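>>> Everything below, folded, please.
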Amino acid sequence: MSKIFNVEDARSLMPEVMGKVAELVTLRADLAELTYDLRQTGHSGLGGLPEAKGIEARMDDILSWFGGQGIEVKGVAPVLVDFPAVLDGVSVRLCWIEGESDLAWYHRSELGFPARRPLPN
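Here you go, the predicted structure:
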């Protein structure tokens, strides 16, 4: 069974989530630049194929960390994560997207991102 978070537990993980996301964003940009350079010119200041594979491996490690915490990664560009939860007896996802300063949104589990609403106070 999936982990079910309450708002406080999910928010307590946000500093670590944001740290992992910051690293993921850097790696994502490095990989995009490295891949582009290699395709265009065959070389890059960021390295070659071994470095690309290393970046991919580190990204996989970070994504695995999220899964290990019970956090669902819904996207990586931008990074979008959901915390399975229950609000007022309804299955929801506490929803955070790269760039937001706090975990402040949710949506019904079956509806997804377009149905986001602010968390009740």
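
>>> Quickly list what the most centrally placed residue in the chain is bridged to.
When C-alpha atoms, centre = their mean is applied to the chain, the residue found nearest the centroid is Val79 (4.1 Å). Beta bridges link Val79 to Val76 when assigned by DSSP bridges.

>>> Can you check what pLDDT the model gives it?
For Val79, the model assigns a pLDDT of 98.

>>> tell me the contacts of it?
Counting by C-beta atoms under 8 Å, 6 or more residues apart in numbering, Val79 touches Val21, Leu24, Val25, Val73, Ile97, Glu98. Just so you know, the C-beta spots here come from the backbone N, C-alpha and C atoms, and that holds for glycine as well.

>>> Could you rerun that using 10 Å?
17-18, 20-22, 24-25, 28, 62-63, 66, 73, 96-99 (C-beta atoms under 10 Å, 6 or more residues apart in numbering).

>>> Check which helices and strands the longest helix seen in the chain sits against.
Ranked by number of residues, the top helix in the chain under DSSP state H is helix 7-41. On a contact count with 3 or more C-beta pairs under 10 Å, 6 or more residues apart in numbering; DSSP states H and E, helix 7-41 meets helix 49-69, strand 72-76, strand 79-87, strand 90-97.

>>> Any chance of TSV for these, columns distance to Phe5?
Output for the helices and strands packed on helix 7-41, formatted as TSV (distance: least, C-beta to C-beta, whole Å):
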stretch	distance to Phe5
helix 49-69	9
strand 72-76	11
strand 79-87	4
strand 90-97	6
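
>>> Show me the one of those that comes nearest Asn121.
Of all the helices and strands packed on helix 7-41, it is strand 79-87 that lies closest to Asn121, at 12.6 Å by C-beta to C-beta.

>>> chain center to the closest one, what's the gap?
Relative to the chain's own centre, strand 79-87 is displaced by 11 Å; criterion: C-alpha atoms, centre = their mean, to the nearest Å.
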